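Colleague: Provide a 3D model corresponding to the input given below.
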Amino acid sequence: MSQDKQTYLNRAYYGPPIPPPAKTYRRPSHGGGCRCCLLDCLCDCGCCLLSCVFKIVCSILIFIGLIALSFWLLLRPHEVKFYAVDASLAQFNFSVAAGGDTLYYDLAVNLTVRNPNRHIGIYYDEIAAGAYYEDQRFGMAALSPFYQGHENTTSLETVTFKGQNVLILSSSQSSDYGGQKKDGVFDIAVKLFVKMRIKVGWVKIGKFKPKIECDLKVPLSSSGKRFEFTKCRYDF
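Modeller: Residues are numbered from 1 along each chain as shown. Just a heads-up that it's a prediction; the model follows:
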């Protein structure tokens, strides 16, 4: 009998399975990450707030960009173009003096402005013109303000510079002047200083102050030479 009992004890025992140990859950610390909310910014940790702010800023920038793109596609703005169509010199002579060379000048310039935009009008609130020789200004003139409509070319009033002014020329510049006087054509720059606004529908936008430079080769009236049509450029 004891032998049968010992034999039973030596056999394999198949009892109920041992349950796994219970899992414990810990709330993550601030350094271990966080769970960001999906519907609002009331999150439990700082990274959620930063993420929400970043998403809001990106959404605003994308929205502004879409509005600007739509505005551009609708209006298709083009650059306003300035031209010098005619210019002449009745006088351009230097008188040598101890304090500098006095320039006696009589210059007339005719300009046009082309607005190629189909939906944009332009207010030219102020226009000032300066005449320069060898990067030195010798004359100034003011033009009347005006409004320019869509797809319009406007001829400005004749800009006249007449008088005298002292310019200090280097020896090389004096040599250049002598060569230009002999040729009968002078290198003169006319710069425009403009204050303008644009009009889209009933809305007037901005105050822009572009600078336009016209690099001209102006013939003396007595030379018999003709002025060449010149496109001006923006001076940035």
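Colleague: Can you name the residues bridging to A189?
Modeller: Beta bridges link A189 to Y132, D215 when assigned by DSSP bridges.
Colleague: contacting residues for it?
Modeller: Contacts for A189 (Cβ atoms under 8 Å, 6 or more residues apart in numbering) come out as 131-133, 135, 213-216. To be clear about C-beta, it is placed using only N, CA and C from the backbone, and glycine gets the same treatment.
Colleague: Show me how to select, in ChimeraX, the buried members of those residues.
Modeller: Buried members of the contacts of A189, defined by 16 or more other Cβ atoms under 10 Å, are picked up in ChimeraX with:
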select :131,132,133,213,214,216
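Colleague: Considering the contacts of A189, which is situated nearest to S51?
Modeller: E213 (50.3 Å; Cβ to Cβ).
Colleague: Would you agree that closest one falls within a strand?
Modeller: Yes. Read with DSSP: H, G, I helix; E, B strand; the rest coil, E213 is one of the residues of a strand.
Colleague: can you list the domain ranges for this protein.
Modeller: 45-75, 81-234 (automatic domain parsing).
Colleague: quick one: average pLDDT of the last one?
Modeller: If I follow you right, that is domain 81-234. Across domain 81-234, pLDDT averages out at 94.
Colleague: What strand or helix carries K204?
Modeller: Taking DSSP states H and E as the criterion, K204 maps to strand 203-208.
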